[in-house]
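Colleague: Below is the sequence, then the predicted model.
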Amino acid sequence: MPEFYQYLFSGLTNGAIYAIIALGFSMLFAATDLINFAHGEFVMLGALILVTLWPVMGLPLPLAFVLAVLATGILGIVFERLAIRTVKKPEPIVLVIITVGAGIFLRGVAMIIWGKTAKGAPPFSSMPPIELAGAYLLAQSVWILGIVLATVLAMHFFYKKTLTGKAMSACAINKRAASLLGIATQRMTLLAFAVSAALGGMAGVIIAPITMNEYEMGAILGLKGFCAAMLGGLGNSWGAVVGGFALGIAEAMAVGYVSSSMKDAVAFLLLLLILYVRPTGILGGKAVTRF
Amino acid sequence: MKPILRNILVYGAFIGVVAAYGLLQKSTYYLQLATFVGLNTLLAVGLNMLMGYAGQISLGHAAFYGLGAYVSGMLTVHLGWSPWLTLPCALLAAGAVAFVVGLPTLRLTGYYLAMGTLGFGMIVNILFREFRRFTGGPSGLPGLPELTIGSINLSHGANALFLVWGCVIAAFFICERIVNSRMGRALRAIHYSERAAAAVGVDTASAKLAVFVFAAVLAALAGFLYAHMITFISPGSFNFLASVKLVAMVVIGGMASIWGSLLGASLLTLLPDFLHIFSARNSGLDRTSWCRLPPPEDRMRSIAWAVRTGTVLFSTIILGLSAQASICRAVFSQC
């Protein structure tokens, strides 16, 4: 029985990571109808920037955290300006290919800057693992869960209570109508990219202590974040969170009870399942044909 | 010019160029490079039928490439079959998988279809990596037999070139026949508007599935040829990046253009190899370069040589090929 809790804790930790990555995807899709295949690279960049700022350059952790997140946010803006704004015919296939290419480019740049060796980072607090119901929970996992929950609540508050958030929701519902009402849709797109990239960067920052950070780490995380976003319903923020945790727990249970070689396959099997059975996802509404 | 005369001229010229290259080129490096261009063209033309004419995004096409290679590889290595016997098995396996996967997947559209094919491609790649007993796992499956007919070895040098490009020419011919038939018009209608095509009476589901299976079979053929020429296959050659590269070939060469697949495949096969010359730490063999270039002791001299050789070769091949493609397009207006 204690293994079940161990798998559950690991599933919750991974689930939180997938949730925040999926949140970045979903909110960008909601605001701009674009799937950003380069999102995983923002996660990777967040992690590597933190590793450079905190253990290597010795900045205090809160400052390094904020700077890393800001840096990825700014990178998101640059990405939107250079790669997305300049597209003349934004059909899905064109944008998919552009973002895939941008992702590969970012990976190459990261390889040149940080090299090929994996780098580690110390955990945020040096507490020993907490024992709970016979299983151990890493202190970093508590940080991850806490930060993700805080972020999700902050995003919810942003969308529901602030004017900018409501404007972004309006753009997501119908861009033309929003612009008719005086909302600067291009600026909203830029903001959406910045926030999405910053969310990705934050995901990278909080997992930096528990993974080996190197230039390839973003690829599979991005794809799994996708699957999680699809699982919960693309465009739906709470769906992203639900999908993320569902994926994390399903993965941990499959690895624990079936076989560890299935780890990556679970995400894609679930993706195919949800696409065939209910493409709009767990929390998705009626069939959305945004294409 | 009558269509038949046009076709004879175009294909005749194409066969002539390939034959001349194969007979005159003595360096095995460039022969193998040209063979790889042919393999990628085979892959790209199938994908072009799917993406360009039928308009279905597929981000998992390398999975069929890998299926052809692995089915043939496993049958020859583990069961000792002759490679020629495994060819129909590989093609059938890929076709069957494409049929089964295509049925639910092709009902999706846009991003959902892209994600579905992506998921499928990743799952197949994971299967290649994890079923160590059959596929050899991440380190790959070595020791595949070469292709021979009697005493002629078809896995090396000019013979391999002729085999692969022969398949390419046959594939081009078949694709051109399809495009200029009822099926081709139906596909283009589906690409333009699936609902309108359905309203006019086109069986969209079967048409899409048929093209999907066709592209998969062509990819499996390429996989079979690849496996028995390199005699070693590993999952790393058939991953998401490989699928992306194939999509890039189709897009760069020109969607809905058969000769465009040739251009795209040439560019994306030749460019990485030429760019390797510029890598300062060029040592060892890796997936994209089977030729060990000498480390550049004299940096300036080697850069000058690389630029010279690269520019000459690159421009000759690319200009020659793109000239062929654009002449075809301009004069015959049906490529």
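Modeller: Right, received. Where do you want to start? Just so it is clear, the model here is predicted, and its values are computed rather than measured.
Colleague: host element of the residue in the stretch 201-335 of chain B that chain A sits nearest to?
Modeller: Minimum separation of the stretch 201-335 of chain B from chain A (Cβ to the nearest Cβ) falls at residue B:244, amounting to 5.4 Å. C-betas here are computed from N, CA, C, even on glycine. For residue B:244, the host element (DSSP states H and E) is helix B:240-253.
Colleague: Quick one: distance of that helix to the chain centre.
Modeller: Its chain's C-alpha centre and that of helix B:240-253 lie 10 Å apart, by Cα atoms, centre = their mean, to the nearest Å.
Colleague: Buried residues in it, which are they?
Modeller: In terms of neighbour count (16 or more other Cβ atoms under 10 Å in any protein chain shown), helix B:240-253 has its buried residues at B:240, B:242-253.
Colleague: can you tell me how far residue A:12 sits from chain B?
Modeller: The spacing between residue A:12 and chain B, counted by Cβ to the nearest Cβ, to the nearest Å, is 24 Å.
Colleague: Assumed residue A:131 was part of a helix.
Modeller: No - under DSSP: H, G, I helix; E, B strand; the rest coil, residue A:131 sits outside any helix and is assigned strand.
Colleague: And whichever residue of the stretch 101-250 of chain A sits closest to chain B, how close does it get to residue B:3?
Modeller: Nearest residue of the stretch 101-250 of chain A to chain B (Cβ to the nearest Cβ) works out as residue A:230 at 6.2 Å. Going from residue A:230 to residue B:3 by Cβ to Cβ, to the nearest Å gives 47 Å.
Colleague: now swap in residue A:13 and tell me
Modeller: Distance from residue A:13 to residue B:3, by Cβ to Cβ: 65 Å.
Colleague: Contact distance from chain B - what residues of the stretch 51-200 of chain A qualify?
Modeller: With Cβ under 8 Å from any Cβ of the partner chain as the criterion, the stretch 51-200 of chain A meets chain B at residues A:92, A:93, A:96, A:97, A:100, A:101, A:104.
Colleague: Just list the residues touching the residue lying closest to the third one once chain neighbours are set aside, thanks.
Modeller: So that's residue A:96. Nearest-residue entry for residue A:96: residue B:114, 5.6 Å, with adjacent residues in sequence omitted and distances by Cβ to Cβ, 6 or more residues apart in numbering or on different chains. Contact analysis of residue B:114 by Cβ atoms under 8 Å, 6 or more residues apart in numbering or on different chains lists A:35, A:92, A:93, A:96, B:57, B:58, B:59.
Colleague: Quick check, residue B:140 in contact with residue B:231.
Modeller: No - with contacts counted by Cβ atoms under 8 Å, residue B:140 stays clear of residue B:231, the gap being 10.8 Å.
Colleague: Flag every residue of the stretch 1-150 of chain B that's near chain A.
Modeller: B:51, B:57, B:59, B:104-105, B:108-112, B:114-116, B:118-120, B:122-123, B:126-127, B:129-130.
Colleague: List buried residues within those residues.
Modeller: B:51, B:57, B:59, B:105, B:108-112, B:114-116, B:118-120, B:122-123, B:126-127, B:129-130.
Colleague: before we move on, back to that, so the residue of the stretch 101-250 of chain A closest to chain B is in which element?
Modeller: helix A:217-232.
Colleague: Can you name every helix or strand that that helix contacts?
Modeller: helix A:2-32, helix A:39-51, helix A:92-114, helix A:237-253, helix A:263-277, helix B:110-130 (3 or more Cβ pairs under 8 Å, 6 or more residues apart in numbering or on different chains; DSSP states H and E).
Colleague: quick one, that helix and helix B:110-130 angle?
Modeller: 120 degrees (axes from the mean of the first three to the mean of the last three Cα atoms, to 10 degrees).
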